[in-house]
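In: here are the coordinates; sequence isn't available:
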């Protein structure tokens, strides 16, 4: 049997030497963990933003759009009462255009405003007042109705609509 040697006894002045720890290296697994945590954080932030911030931003945009549409409609009605059909058409669509620019691009209001804007293709300055009102006022009533601006603004809009009085 081979002889085993005993470790030498420590002197009183010597301290025991701890084994040398191997230095930890930053490796592939660490990078994967860091990227996973960052990706998870980004997904969480995106979800929070989509639930808490984005709906309020869209509601604010739609509120501004409804106000712009109603201002344009008020100017159109003022032009209509002055028997200015061209002014009525111009102001009506200026208000609609301003509302389109202000509306939330992901909301339902912009779809209705786009439908109203498409009516510009059916309107011309030579139309009589009755025809203009029959084209545009039902659309204005829809935009202002319970499904759109009235609900967005939290009000009931009872503004009178323009009506044509046939001249004799």
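Out: Sure, I can see it. Fair warning: this is a prediction, and the values are worked out from it, not measured in the lab.

In: what is the rounded mean pLDDT of whichever strand or helix holds residue 68?
Out: Take DSSP states H and E as the rule and residue 68 turns out to sit in helix 54-81. Taken as a whole, helix 54-81 carries a mean pLDDT of 91.

In: What is it packed up against?
Out: On a contact count with 3 or more C-beta pairs under 8 Å, 6 or more residues apart in numbering; DSSP states H and E, helix 54-81 meets helix 85-102, helix 109-118, helix 129-144, helix 149-153. Glycine gets a C-beta too; all of them are placed from N, C-alpha and C.

In: can you tell me how far the residue positioned nearest the centre of the chain sits from residue 108?
Out: Against the mean C-alpha coordinate of the chain, by C-alpha atoms, centre = their mean, the closest residue is residue 58 at 3.4 Å. Separation of residue 58 from residue 108 (C-beta to C-beta, to the nearest Å): 10 Å.

In: just for this structure, where's the confidence low?
Out: 1-14, 16, 156-168 (pLDDT under 70).

In: contacting residues for residue 80?
Out: By C-beta atoms under 8 Å, 6 or more residues apart in numbering, the contact list for residue 80 reads 87, 88, 129, 132, 133, 162.

In: Go ahead and measure how far the helix holding residue 68 is from the middle of the chain.
Out: Centroid separation between helix 54-81 and its chain, computed with C-alpha atoms, centre = their mean, to the nearest Å, is 16 Å.

In: Now do it against helix 109-118, angle only.
Out: 30 degrees (axes from the mean of the first three to the mean of the last three C-alpha atoms, to 10 degrees).

In: Tell me which residues of helix 54-81 come out buried.
Out: For helix 54-81, the neighbour count (16 or more other C-beta atoms under 10 Å) marks 58, 61-70, 72-73, 75-77, 79-80 as buried.
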